[in-house]
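**Student:** predicted model and sequence follow; I will ask about them next.
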Amino acid sequence: MTALSRSARWAALESVWCQAADAAARRPLGSVAWQALGSCGARTDLPWTSDPEDIGPWDAESMRALCRSCPVLADCAAYVDTSGVSAGWWAGTNRDPAYAEPARPGWVKAHGASDGQPAWQGVLPFGGAA
């Protein structure tokens, strides 16, 4: 058996403590402690609980992207399924039944771009009749 240095032992012990804390915080038995680990907690600038008509396509896309990379996305989705959430943005989608998904922003080939050197421009769909 190889003896570990004091710093290596400390690092191994710290790793075990962190893993245990993560596991304890993510227990699904009615606990919502996992929410503290969510990416959304640090992004108070996004309209997570706004009325559906106040969420624009760029905000929706920003929230959707943040949810995709969230370390507790599975916990969030499980919570939504078990608790019957019916309002706010959870697990990548707005859970309000009155919410109509806005058209998603996208990219189109820019006018006058050649096939050899395509140029792309962003497109934001606008709602409402002119």
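**Tutor:** It's in. Numbers count the residues shown, from 1 in each chain.
**Student:** I figured residue 49 hits residue 88, correct?
**Tutor:** Yes: contact criterion CB atoms under 8 Å: residue 49 and residue 88 qualify, at 4.5 Å. Quick note: C-beta positions are derived from backbone N, CA and C, even for glycine.
**Student:** more neighbours: the two, which one.
**Tutor:** The residue with more neighbours, out of residue 49 and residue 88, is residue 88; 14 against 11, by other CB atoms under 10 Å.
**Student:** what about the helices in this protein?
**Tutor:** Per DSSP state H, the chain carries helices over the ranges 6-25, 57-68, 73-83.
**Student:** now residue 55. Nearest residue, chain neighbours left out?
**Tutor:** Nearest residue to residue 55, sequence neighbours excluded (CB to CB, 6 or more residues apart in numbering): residue 47, at 5.4 Å.
**Student:** actually residue 90, not the one I typed
**Tutor:** Sequence neighbours aside, residue 80 is the residue nearest to residue 90 in space, at 4.8 Å (criterion: CB to CB, 6+ apart).
**Student:** now swap in residue 86 and tell me
**Tutor:** residue 95 (5.7 Å).
**Student:** try residue 69
**Tutor:** Closest to residue 69 by CB to CB, 6+ apart is residue 39, at 6.6 Å.
**Student:** my read: that neighbour touches residue 68, true?
**Tutor:** No: if you go by CB under 8 Å, residue 39 and residue 68 don't touch, sitting 9.5 Å apart.
**Student:** looking at those two now, which is surrounded by more residues?
**Tutor:** Taking other CB under 10 Å, residue 39 and residue 68 do not tie; residue 39 has more neighbours (17 against 10).
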